[in-house]
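Visitor: Sharing a sequence plus its predicted fold:
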Amino acid sequence: MTKPLVADGDRPREGGADRPITEVAVGVLINAQGAFLLTSRPPGKVYEGYWEFPGGKLEAGETVEQALRRELQEEIGITIEDAQPWKVEVVDYPHALVRLNFCKVFAWQGELHMREGQQFAWQGLPVQVMPVLPGTVPVLTWLALEQNFSGPTHA
């Protein structure tokens, strides 16, 4: 495993050094205009109000794609077509050690419905919403490299 990105390194880690990795499926939805979807963390969750790419934890026996399909239906009300595995990043948050399995998604059915009280925004670089969740920052860097974008990716 590559060295994880450490978020809020000054805060103690719940569960200590030997805590398990939580597998998470994350969708990088890109629309026909090239904008990508960010959603805010729902009220009552860790990092409430921070902006991230939508997705969620894998359940027992699920593949990344199966989890992503389920999570995007449950959270934002869409049914995705193909999910293209893209990149993986491990992030050491104070509350959990997570492996973020990012998939690009270019096609889906349905209208966006924020079912957990979150907000959404279609964004380009640099991202205008803030604050951005630490695990989202590497994705913005990867998108900037693909788009030959230079300068800050977010505020």
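Guide: Yep, that arrived. Numbering: from 1, shown residues only.

Visitor: Point out where the chain drops to low pLDDT.
Guide: Low-confidence regions of the chain, defined here as pLDDT under 70, cover residues 1.

Visitor: any chance you could map the helices in it?
Guide: Assigned helices in the chain, in chain order: 64-76, 137-146 (criterion: DSSP state H).

Visitor: So which of these is nearest residue 51?
Guide: Distances from residue 51 to each of these were compared using CB to CB; the shortest belongs to helix 137-146, at 10.4 Å. C-betas here are computed from N, CA, C, even on glycine.

Visitor: Highest mean neighbour count out of the helices of the chain?
Guide: helix 64-76 (a mean of 19; mean count of other CB atoms under 10 Å).

Visitor: hey, C-alpha coordinates of that helix in PDB?
Guide: The C-alpha trace of helix 64-76 is given here as PDB (Å, rounded to 0.1, in the frame of the first residue of the first chain):
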ATOM      1  CA  VAL A  64     -16.800  -1.200  -6.500                       C
ATOM      2  CA  GLU A  65     -19.100  -0.800  -9.400                       C
ATOM      3  CA  GLN A  66     -22.000  -2.500  -7.600                       C
ATOM      4  CA  ALA A  67     -21.500  -0.200  -4.600                       C
ATOM      5  CA  LEU A  68     -21.300   2.900  -6.700                       C
ATOM      6  CA  ARG A  69     -24.500   2.000  -8.600                       C
ATOM      7  CA  ARG A  70     -26.300   1.500  -5.200                       C
ATOM      8  CA  GLU A  71     -24.900   4.500  -3.500                       C
ATOM      9  CA  LEU A  72     -25.600   6.900  -6.400                       C
ATOM     10  CA  GLN A  73     -29.200   5.700  -6.600                       C
ATOM     11  CA  GLU A  74     -29.700   6.000  -2.800                       C
ATOM     12  CA  GLU A  75     -27.900   9.300  -2.400                       C
ATOM     13  CA  ILE A  76     -28.700  11.300  -5.500                       C
END
